[in-house]
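Student: Kindly return the folded structure for what I paste below:
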Amino acid sequence: MLLLTNSVLRDHLRTHTGEKPFQCTKCSKCFTSNCILRDHLRTHNGEKPFKCTKCSKCFTRNSVLRDHLRTHTGEKPFQCTECSKCFTSNCILRDHLRTHNGEKPFKCTKCGKCFTRNSVLRITSAPTLGKNHFSVRNAANALLAIASCEITSAPTMVKNHLNVRNAVNALLLPSPPQPHW
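Tutor: Model prediction:
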């Protein structure tokens with residue numbers, strides 16, 4: 001890997017040392033570089049400056065837009081060494097590999113349940129939802145259901161892809177009854 005400047009080298013070395021000197025003032029998360037902190041801050045202020053030219057969807061980071069563009073081109077350059085399944089991004093491949101190795105690195109502090117992805121276990125304090133305990137975020141063909149977390153009794157947003165394989169380890173609750181007209 002060719003590193004262009006001393007600051008880039010310093011930021012890279014932090015990935016090995018674990019040092020994260022840049023802290024978010026909104027949520028206290030820490031990061032290895034100011035650039036990563038800047039990208040993170042967009043999740044708080046809603047800024048999404050990177051727009052897809054195919055579908056107009058917007059993103060907080062250019063790298064996420066690049067991965068998204070592959071959904072339009074069909075390109076899947078990241079292949080699983082276990083089952084040969086291919087993916088649009090390295091992050092999705094990493095999450096998929098956990099289905100083979102059984103790794104569940106994300107643990108709920110309330111109930112102790114472990115998950116393969118941090119997006120499945122996501123504790124936030126959204127004002128309209130209270131504290132979210134379980135959240136499955138899948139972009140395509142998502143089914144939106146409002147339920148209640150069995151641990152916190154708070155309303156929970158559950159987005160479940162229609163294909164159950166994409167909701168591994170998620171707490172899936174039935175959709176609320178539809179009103180009769």
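Student: hang on, E47 packs against T60?
Tutor: Yes - using CB atoms under 8 Å, E47 makes contact with T60 at a distance of 6.9 Å. Where C-beta positions appear, they are placed from N, C-alpha and C, glycine not excepted.
Student: Name the residues that touch stretch 39-53?
Tutor: 24, 26-27, 29, 31, 57-62, 64-65, 68-69, 72 (CB atoms under 8 Å, 6 or more residues apart in numbering).
Student: Keep only those of these that are in strands.
Tutor: Among those, the ones falling in strands (DSSP state E) are 31, 58-59.
Student: okay if I get these as CSV plus neighbour count and distance to D11?
Tutor: Compiled in CSV, the ones in strands among the contacts of stretch 39-53 are given as follows (neighbours: other CB atoms under 10 Å; distance: CB to CB, whole Å):
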residue, neighbour count, distance to D11
F31, 19, 10
C58, 15, 26
F59, 17, 22
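Student: Out of the residues you listed, flag the one nearest to F106.
Tutor: Taking CB to CB as the measure, F106 lies nearest F31 of the ones in strands among the contacts of stretch 39-53, at 18.5 Å.
Student: Please tell me how far that closest one sits from F22.
Tutor: From F31 across to F22, the span is 5 Å (CB to CB, to the nearest Å).
Student: Which residues are in contact with each of these two?
Tutor: In contact with both F31 and F22: L37, using CB under 8 Å, 6+ apart.
Student: ok, of the contacts of stretch 39-53, which come out buried?
Tutor: In those, burial by neighbour count holds for 31, 59-61, 64-65, 68, counting by 16 or more other CB atoms under 10 Å.
Student: Select, from those, the two members most distant in space.
Tutor: Pairwise across the buried ones among the contacts of stretch 39-53, and taking CB to CB, the largest span is found between F31 and H68, at 22.3 Å.
Student: Please export the C-alpha coordinates of stretch 44-62 as CSV.
Tutor: Provided in CSV are the C-alpha atoms of stretch 44-62 (Å, rounded to 0.1, in the frame of the first residue of the first chain):
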residue,chain,number,x,y,z
HIS,A,44,-26.4,13.2,12.5
ASN,A,45,-27.1,16.2,10.3
GLY,A,46,-28.7,14.3,7.4
GLU,A,47,-26.3,15.5,4.8
LYS,A,48,-26.0,13.2,1.8
PRO,A,49,-23.9,14.9,-0.8
PHE,A,50,-23.2,11.9,-3.0
LYS,A,51,-26.1,11.3,-5.4
CYS,A,52,-26.6,8.3,-7.7
THR,A,53,-27.0,9.3,-11.3
LYS,A,54,-29.2,6.3,-12.1
CYS,A,55,-31.8,6.5,-9.3
SER,A,56,-31.1,9.8,-7.5
LYS,A,57,-30.6,8.0,-4.2
CYS,A,58,-28.1,10.0,-2.0
PHE,A,59,-25.4,8.8,0.4
THR,A,60,-23.2,10.2,3.1
ARG,A,61,-19.9,8.8,1.6
ASN,A,62,-18.6,8.4,-1.9
